[in-house]
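Model the structure of this input:
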Amino acid sequence: MAEKRFADALNEQIANEFAASQQYVGAAVYYDIETLPRLAAFFYRQALEEREHAMMMIQYLLDVGEEVHIPDIKAQETAYADGSAPVRMALEQEKRVSDEIFALFELAREVKDYRAEQFLQWFVKEQVEEVALMGDLLNVVERSKENLLLAEDYIARESLGEESGDPTAPPMAGGSAG
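Numbering: from 1, shown residues only. Below is the predicted model:
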C-alpha cells in the first residue's frame, strides 16, 4: 500500500510536469510573437526539459511495476501583460514544483520507499538549479524591461539553458537520460 501512495503522488507530479512543459511552450510562443528568438528558444528548451522530467517519472513507474496515468492537456496562455511576465510565471512555477518534489521526497521517506527516495534525489538538485536560473533570468529581464534585446544578449552571452545532458539524470521512458 505504501508504494501505491507514492505511485499515485508521482502520477500527479507527471501531470504537473507535462503542464509545466505546456506553460513553457506558451511563454516561448509569446516571445516568438514579440520577435525575441533567444527568449523563445530558451523557453522551448525549458518545455522539452519539463517533458523529459515527466518521461523520467514515467520510466521510474514502469521500472517498479506501477501503473502510469497520462494526463489531459490543458490550454495555456500565449499572451502576457509585459515581457517579464512569462519569466515571473516560470519562477513561481519552479518554486511550486520544488515544493511538489520536496513533498514527494517526504512521502517516500514517510512510507520508507527507499527506491523512490533515491530516484528523487536528482530532482531535488535539479530544482535548486531551476529556481536559481529563473531567478537570475527574471533579474535580467526586469532590469532590461524597456529593451528586452539586452536580455537576448545576456542569454546569448551566457548560453542560458544550453547546458549539455546530465549523466546522473534518471532514464526517460522511450529515450536516454537527459
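
Tell me which helix or strand residue 74 sits in.
Residue 74 belongs to no helix or strand when elements are defined using DSSP states H and E.

ok, now how distant is the closest residue to it other than its chain neighbours from residue 112?
Closest residue to residue 74 apart from its sequence neighbours, by Cβ to Cβ, 6 or more residues apart in numbering: residue 19 at 6.5 Å. To be clear about C-beta, it is placed using only N, CA and C from the backbone, and glycine gets the same treatment. Computed with Cβ to Cβ, to the nearest Å, the distance linking residue 19 and residue 112 is 29 Å.

Who has more neighbours out of the two?
Legend: neighbour count by other Cβ atoms under 10 Å for residue 19 and residue 112, higher for residue 19 (19 against 9).

Could you measure from that one over to residue 106?
As judged by Cβ to Cβ, residue 19 and residue 106 stand 22 Å apart.

How about residue 166?
Taking Cβ to Cβ as the measure, residue 166 falls 24 Å from residue 106.

Just list the residues touching residue 36, thanks.
Counting by Cβ atoms under 8 Å, 6 or more residues apart in numbering, residue 36 touches 83, 148-149, 151-152.

Run through the chain and note the low-pLDDT ranges.
Along the chain, the model assigns pLDDT under 70 to residues 1-3, 163-164, 176-178.
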